[in-house]
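> coords please:
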Amino acid sequence: MKHGQYHHAHELVEGLHGLRGFHPGYRTVHALGRIYRGTFTASGDGAALTRAVHFQPGATVPATARFSSSAADPEAPLTPVAAIAVKFYLDDGTVTDLVSLNLPLFPLPTPDDYLKFFAVAADPAAMAALLAERPKIAAALQEIKTTIQAPKSLAETAYNAIHAFWFENAAGQRRAGRYHWVPEAGESGQTVAELQALPNDALFNELEERLEQGPVRFALYLSLAEEGDDLSDPSTAWPPTRERVLLGQLALQRRTSAEEIGDPIMIHDPTRTTDGIDVTDDPVLNVRRGVYEVSAVNRGAGWKSQAAAAAAGAS
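Coordinates of the predicted model:
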């Protein structure tokens, strides 16, 4: 397949387990999270860029958002990397996902680079040699280190989808762009030490206290690509001067759960797009489906679970 959705997926999950540890029953990363439900209302401005139904004038669709911390251990302290994974529930019964982080970019441009990184992560000399050989990776890691602030509130954190996607309108015109969530409450942050001094449920509890007072809102913007942009490289951030289009607003209302939603596996797959939106040739984007499915197998989810396969083999 052109997407390469399973290219090195097993090796990548194993590499993450080697780096972060394996915690049965939990996601390979972003193990600690809570889900909230609400609605997404389109601004109507997105119709000039895409025929995707949830971005058309007057469109309002149910949505859920899973906020999470990047740690693999659900009992570990909160990390400075936070995520929001949004599901849009469309009128035809289908779902499309959008996964975003409070990072400006990914440090590595390809799955092969991640495998090399995992292989030397425990060896400082080998890591130094890799970064000397690949100065762009070293620069990306430094940019993340110097620009990211630990979240003080999940409702006061901006999130970026990082990958570029193709958008096609009703006339068949195509334009590439990157998504950004901007909090209505403004942005705040704190040091990593301040964050990790808190209980690991502190940010979720703070968000739920806000929800008792009313909806928590985020505006969804699309930053438009310009000629010369490498749409396949998630390790390069675009400048903030790019033209942005307001696609709509997410309004979260209350906490929910995978069980209440009726989706116990609850994979958030950024390649699960809808008509009018398509993936680019970004290899990290395109392998994510395979990585998530392998991770779901490891946490015992669904008919593909290792436990089910072992039981079938023994019968």
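> can you tell me which residues contact Thr191?
By Cβ atoms under 8 Å, 6 or more residues apart in numbering, the contact list for Thr191 reads Ala150. Quick note: C-beta positions are derived from backbone N, CA and C, even for glycine.
> where are the low-confidence patches of the protein?
Flagging of the chain using pLDDT under 70 yields the residue ranges 1-4, 300-315.
> at 90 instead, please
Where the chain drops to pLDDT under 90, the residues are 1-10, 13, 15-31, 71-73, 76, 145-148, 264-266, 290, 292-315.
> Could I get the full set of helices for it?
Listed in chain order, the helices of the chain (DSSP state H) span 9-20, 111-120, 124-133, 135-147, 192-196, 202-213, 258-261, 283-298, 306-314.
> Buried deepest among these, which one?
helix 283-298 (a mean of 22; mean count of other Cβ atoms under 10 Å).
> which strands and helices sit next to that one?
helix 9-20, helix 111-120 (3 or more Cβ pairs under 8 Å, 6 or more residues apart in numbering; DSSP states H and E).
> contacting residues around that helix?
Contact with helix 283-298 is made by 3-10, 12-13, 17, 22, 24, 27-28, 99, 106, 108-111, 114, 163, 232, 234, 265, 267-272, 279, 302, 304-306, as judged by Cβ under 8 Å, 6+ apart.
> Narrow these to those in strands?
Val99, Val279 (DSSP state E).
> Which of the contacts of helix 283-298 are buried? Put it as a ChimeraX command.
Command for ChimeraX that selects the buried part of the contacts of helix 283-298, burial taken from 16 or more other Cβ atoms under 10 Å:
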select :3,4,5,7,8,9,12,13,17,27,28,99,106,108,109,110,111,114,163,232,234,267,268,269,270,271,272,279,305
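> Please report the distance of Ala176 from Leu231.
Distance, Ala176 to Leu231, by Cβ to Cβ, to the nearest Å: 5 Å.
> Can you work out which residues contact both of those two?
Joint contacts of Ala176 and Leu231 (Cβ under 8 Å, 6+ apart) are Ala164, Ala225, Thr280.
> Before I go, just wanted to say thanks for your time.
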